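J.: Could you work out the structure for the sequence below:
(2 chains)
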Amino acid sequence: MSAFGKQPNPQLNSHGELQHLLTIEGLPREMLLRILDTAAPFSEVAEREVKKVPLLRGKSVFNLFFENSTRTRTTFEIAAKRLSADVINLNISTSSANKGETLLDTADNLAAMQADMFVVRHASSGAPHLLAQHLAATGRDHIHVVNAGDGRHAHPTQGLLDMYTIRHYKADFSQLTVAIVGDVLHSRVARSQIHALTTLGVPEVRVIAPKTLLPTGIERLGVRVFNDMREGLRGVDVVMMLRLQNERMQGALLPSTQEYFKSYGLTPEKLSLAKPDAIVMHPGPMNRGVEIDSAVADGGQAVILPQVTFGIAVRMAVMAMLAGN
Amino acid sequence: MKIHIRNGRLIDPASKTDKALDLFIAAGRIVGVGNTPAGFEANSVLDATGCIVCPGLVDLAARLREPGFEYRATLESEMAAAAAGGVTSLACPPDTDPVLDEPGLVEMLTHRARLPEFAHVHPVGALTTQLEGKALTEMAELSEAGCVAFGQANRAIVDTQVLLRAMMYAATFDFPVWLQAQDPFLARKGVAHDGEVAARLGLAGIPVAAETIALATILHLARETGARVHVTRISSAAGVEMIVAARAAGIAVTCDVAIHHLHLCEMDLGFFDAHARLDPPLRSQRDRDALRAGLASGAINALCSDHTPVDDDGKQMPFDEAEVGATGLELLLPLTLKWAREMKLPLVTALARVTSDPARILGVKAGSLGLGAAADICVFDPVAEFKVSRENLRSQGKNTPFLGYEFPGRVRYTLIDGHLAFDGTLS
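T.: Residues are numbered from 1 along each chain as shown, chains lettered A, B, ... in the order given. Below is the predicted model of the structure:
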C-alpha cells in the first residue's frame, strides 16, 4: 500500500452506520444483508390498498439527474413517495448545467432549500463522492447522498436490487455461480454487481465479454474472465445481462450489433448451457436482438420485470435506513 | 553587499563536495568557499548552524500561469513560492495564453521576471505555433529572445512528419527539444492509469503503451535527426527501460520525472481525489518503484516539480472534469529529501538531481557553488518539518495531493544572485 491517500470510508458515519450510499465497495456483508432484510417488508407495502408508510414524512428528497433516466428516476420517486417524502425532480442535463452552474453550486442551492436527501445521477465517475465530501466539508452532514449511477463507477441501488432478486429466487449466495455478460468496461451496474456478489460470498463470479469491453485488471476485483460466452455460461445459476449502448459501435470497440449478438447475445440455445433453473436478469432498458433474444427476455427464466418491482422496495429500504441514521 | 554564510554543511553536487564549509559572497557571486577571502568584511552574516547549504534548486517545469491564467497564479505569487521552496532557476513550459510562440511574448515574460527576488526564469518556447503541431515557430528568433529549449508542454504533435521536421529544424541550430511522450490516440479521453484502480473507479484509462509508443517514435526520430532530446515527465518502468536502452545505443537523450510520480501511484487516487488528476497519470506501484530507482541510478536525469497551480474551482469537480496538475515549487526540496532518505542515498547524489543535473539539461550556468559562480543558494534545515497546508503554501495554487502531510526539509534562506530572496527565520 502506498503511504498517501488513506481516507476513511466516506459513506459511513462515525458510528459505522450508513451516512450516504455511494458504492457497494467497502460496505460490510452485514450491512448489505441488513438492506436486503429491510427491503423485504417494503415490498409488501406495494400490495396494500394505501401504498404508503410515514417514515420520511416531512422530508424533502431531491432527485438530481444530470443524466437522463426514466426508470431509475421513476423508481426512486415512487420509493420516496411511498415513504411519504416530498419529492422534487430536477433534470439538470437540460437546465443549469447548460448555464455553466457546477454540480456543487446546484447542490448548494438545493441544500439552501432544506433538502434532506440528494439522489444523484451524473455522467462523471465519482460525482456523488465529490458531493458527499463537499457536504461534509461545509458542515452539512445531515444531508444524505444516494448514488443513482455515476459514470462507469457505481450504481449501488441497482446492485442491491439485483442481490434482492437473486436472494428471492436462489437459496444461498455461497452456492452460486453467476455470470455477468456484456459491456463491463462502461458499466457502473457491472461494477456494483461484482462488489455485491463477492461481498455476499458468491464463490464464482464470471464476466463474459470481448476484450474490447473489459477493463484492464478486472480480474483483480475477484472475477473470472471469459471471452467465449458458451464456455462462460456453462453451469451458471444466474445470468446477468448488461445493456450495450449504441455508441459502442463507434470508436472501434465492436464491428456491428449483428456480430455482437452472434457472439454475446443471449439466445435460448446459449442459455441452455446454464443450469436448467438459471435465472436471467437485465438492468434495462433492453436492446432486443442486440444483447438479448426476445425469446429469452420474455421467456420463463427471465426475472427482468420482478427486478423493477424489487427495485422500489430496495430503494425504500436504503432511503429509510439513511434517514434513520 | 558581502554575505558570509557560516556554520553550515555545504553540499555542492557539481564538485561532489559535502563538508562543513563557510561560504562568502560578494557582488552576487561566490568569492570564497571555506577560507575567508583576503580583506572580506561581511555586511551580513547568515547563520546556517544545523543547516545544509546547497546550490539553489533548478526546476525543469514550473508553470507561472502568466500570461493568460492570472486568476490561477501570478508571477509575484509563484516567484514567492519558488523563493520559499529554495528554487532559484526554473524553466516554464510554453502552454500559456497566448502560447509562448512569439519572441515578443518571451521578452515580455523574461522582462517581467527580472526582479532581484525572482528566480531566474528560462522559458521553453513552443516548438509549433499555438502548440497545434502544424507549423514551426521562429526558433532562432525565440532563442535570441531567451528560450532555452523548444517543446510542446503536454500537447502531442499528432502529425509525425511535423515532429520529424521540427526536430530536424531544431537540430540545425542545436536547440534542445523537450517532449512529453504520450500518444494522443491511446490517451484520448483517459484520465487515469489504465490499471486496477481505474477499472475499480470506472475511470477511462491511459495505458502504459501511450508512453512507450510515443517514446519509440521520439527516440527513432532523435536518432534520425541528431536532435538533442529531453523527455519530460516519464511515468512508467517500461519508459525508463527504453531511455536506458536508447542511451546505450548512442542516442543523446535525457529525461526527468515529477515529484508526484516519484512518491505516489494509482492507489493515491483514493476516492476520486482530484488533486491526483495529473498528466501523465499516476501509474502502478511497480512503475513508481522503477522511477525511484531510475532517478537514483541517473537513468532519469532530473527531478522537477511540474508545478501547476490550479484554482479551487478547477479542482472542485468530478475527477474526469477536474483541471490537471498540482502545485509543487515548495514541495520539490522536501520530496527530494524524502526520496533520498527512503532510498538511503547520499544527499550529494540526491541534490544533484535538482541542482547540477537539471542545470546541465537547461544549458545554463546554475546549480554549482564553485568560486565565481552566481550566488544562487539554498540554505535549509534538513530536520525541521514542512507542513503542507493551504496557509503554508505561498503559491496561489493550493492544489496538491500532499495537503496535510509533513515532510522534513524547511528552507531557511534563499539567495538569488547574492540577494536574500527568502528569509525563513522571519516566518
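J.: what's the spacing between the residue nearest to residue A:212 when sequence neighbours are not counted and residue A:214?
T.: With sequence-adjacent residues excluded and distances taken as C-beta to C-beta, 6 or more residues apart in numbering or on different chains, residue A:212 is closest to residue A:253, at 4.5 Å. Using the backbone N, CA and C atoms, a C-beta is placed for each residue, glycine as well. With distances taken as C-beta to C-beta, to the nearest Å, residue A:253 is found 11 Å from residue A:214.
J.: Then residue B:73?
T.: Counting by C-beta to C-beta - residue B:73 and residue A:214 are separated by 41 Å.
J.: Residue A:46 against residue A:81, yeah?
T.: No. If you go by C-beta atoms under 8 Å, residue A:46 and residue A:81 don't touch, sitting 11.8 Å apart.
J.: Of residue A:253 and residue A:214, which one has the most company?
T.: Legend: neighbour count by other C-beta atoms under 10 Å in any protein chain shown for residue A:253 and residue A:214, higher for residue A:214 (21 against 18).
J.: residues of the helix or strand bottoming out on mean pLDDT in chain B that come out buried?
T.: Of the helices and strands making up chain B, the lowest-confidence element is helix B:312-315, at a mean of 93, by mean pLDDT, DSSP states H and E. Residues of helix B:312-315 classed as buried by neighbour count (16 or more other C-beta atoms under 10 Å in any protein chain shown): B:314-315.
J.: Give me the domain ranges for chain A.
T.: Under the assignment named as automatic domain parsing, the residue ranges that make up the domains of chain A are A:29-155+A:309-324, A:156-303.
J.: May I see the buried residues of stretch B:164-175?
T.: Buried positions in stretch B:164-175, judged by neighbour count with 16+ other C-beta under 10 Å: B:164-167, B:169-171, B:175.
J.: circling back: so the residue nearest to residue A:212 sits in a helix?
T.: No. With DSSP: H, G, I helix; E, B strand; the rest coil as the criterion, residue A:253 is assigned coil and is not in a helix.
J.: Make sure it is actually in contact with residue A:209.
T.: No. Under the contact definition of C-beta under 8 Å, residue A:253 does not touch residue A:209, with a separation of 10.4 Å.
J.: can you give me the helices in the stretch 301-427 of chain B?
T.: With DSSP state H, counting those that start in this stretch as the criterion, the stretch 301-427 of chain B has helices at B:312-315, B:332-343, B:347-352, B:356-362.
J.: cool, the stretch 1-150 of chain B as well?
T.: Under the criterion DSSP H, counting those that start in this stretch, the stretch 1-150 of chain B contains helices at B:75-84, B:103-112, B:139-145.
J.: Columns mean pLDDT, distance to chain A and mean neighbour count on top of the ones you listed, output as a markdown table?
T.: Putting these into a markdown table (pLDDT from 0 to 100; distance: least, C-beta to the nearest C-beta, whole Å; neighbours: other C-beta atoms under 10 Å in any protein chain shown) gives the following:
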| stretch | mean pLDDT | distance to chain A | mean neighbour count |
| --- | --- | --- | --- |
| helix B:75-84 | 97 | 21 | 25 |
| helix B:103-112 | 95 | 29 | 17 |
| helix B:139-145 | 98 | 36 | 18 |
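J.: will you turn those helices into TSV that also has distance to residue B:358?
T.: Formatted as TSV, the entries for the helices of the stretch 1-150 of chain B read as follows, by distance: least, C-beta to C-beta, whole Å:
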stretch	distance to residue B:358
helix B:75-84	14
helix B:103-112	19
helix B:139-145	19
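J.: Excluding chain neighbours, give the residue nearest to the residue in the stretch 301-427 of chain B positioned nearest to chain A in space.
T.: Among residues of the stretch 301-427 of chain B, the one nearest chain A by C-beta to the nearest C-beta turns out to be residue B:318. It sits 3.3 Å away. Nearest residue to residue B:318 in three dimensions, chain neighbours excluded: residue A:124, at 3.3 Å (C-beta to C-beta, 6+ apart).
J.: Dihedrals phi and psi, that neighbour?
T.: When read as degrees, to the nearest 10, the backbone of residue A:124 gives phi -100, psi 130.
J.: hang on, it packs against residue B:319?
T.: Yes. Between residue A:124 and residue B:319 there is a contact at 6.9 Å, judged by C-beta under 8 Å.
J.: Who does the residue nearest in space to the middle of chain B form a beta bridge with?
T.: For chain B, the residue whose C-alpha lies nearest the mean C-alpha position (C-alpha atoms, centre = their mean) is residue B:304; its distance is 2.7 Å. In this entry, residue B:304 is beta-bridged to residue B:258, by DSSP bridges.
J.: Just list the residues touching residue B:247, thanks.
T.: Neighbouring residues of residue B:247 by C-beta atoms under 8 Å, 6 or more residues apart in numbering or on different chains: residue B:253.
J.: host element of it?
T.: Assessed by DSSP states H and E, residue B:247 sits inside helix B:237-248.
J.: tell me which residues in that helix are buried?
T.: By neighbour count on 16+ other C-beta under 10 Å, the buried set for helix B:237-248 is B:237-240, B:242-244, B:246.
J.: ok, of those, which one's closest to chain A?
T.: Proximity of the buried residues of helix B:237-248 to chain A was ranked by C-beta to the nearest C-beta; the top entry is residue B:238 with 14.6 Å.
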